[in-house]
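Q: Predicted model, plus sequence, below.
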Amino acid sequence: PNTSRDAISPQLLTAINTAFGSVDNMLAALKESADSRFGSGWAWVCEGRGGGLRVMSTANQDNPLMAVVQPDPCIPILGIDVWEHAYYLQYGPKRAQYTSAWMKIINWKTISANYDAAKRGDLGAIGADN
């Protein structure tokens, strides 16, 4: 269904392959970003203003749209919460196990819709019920 990679839109797949070489490479970069975030925060896949996907992480409540976080804000299309409240009850201190499990349940239909909205500059559609 929506968690199958078959649900990735052709447009998003092209953008992923252009930026990372493959979906596996993108997910590996996202996982590394999430696993290496010290303390609470997020890891993101976002669309830059000039085009092109990138992976980044932010501390605490910060996000890629905030100019105080980075000089070149980008639009998040996928984010993984790595605050302890997201995983500690089930995984304890094993964040890497949480991120591995999380990677298997990505709703690619929604991420594809988020990518389309980011390309249009429609922030209100990001994360909307697609």
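A: Arrived safely. Numbers count the residues shown, from 1 in each chain.
Q: What sits closest to the residue nearest to the spatial centre of the chain if chain neighbours are left out?
A: The structure's the chain has its C-alpha centroid closest to Leu78; by C-alpha atoms, centre = their mean the separation is 2.8 Å. Once flanking residues are discounted, Leu78 sits nearest to Val45: 4.2 Å by C-beta to C-beta, 6 or more residues apart in numbering. The way it works is simple: take the backbone N, C-alpha and C, and place the C-beta from them, glycine included.
Q: Just the pLDDT at that neighbour, thanks.
A: On pLDDT, Val45 comes in at 98.
Q: Out of the helices and strands in the chain, which is least certain?
A: helix 84-91 (a mean of 85; mean pLDDT, DSSP states H and E).
Q: Wait, Thr18 touches Gly52, no?
A: Yes. Under the criterion of C-beta atoms under 8 Å, Thr18 makes contact with Gly52 at 7.2 Å.
Q: follow-up on the earlier one: continuing past the helix or strand hosting the residue nearest to Leu78, what's the next helix or strand?
A: Val45 is part of strand 41-48, with elements assigned from DSSP states H and E. Elements were assigned by DSSP H and E; along the chain past strand 41-48, the next helix or strand is strand 53-59.
Q: And the next helix or strand past that next one?
A: Assigned by DSSP H and E, the successor of strand 53-59 is strand 74-81.
Q: Just the buried residues of that next one, please?
A: Cys74, Ile75, Pro76, Ile77, Leu78, Gly79, Ile80 (16 or more other C-beta atoms under 10 Å).
Q: do stretch 114-126 as well
A: Those would be Asn114, Tyr115, Asp116, Ala117, Ala118, Ile126, for stretch 114-126 by 16+ other C-beta under 10 Å.
Q: Can you check the distance spanned by that stretch, start to finish?
A: Across stretch 114-126, the terminal residues are separated by 5 Å (C-alpha to C-alpha, to the nearest Å).
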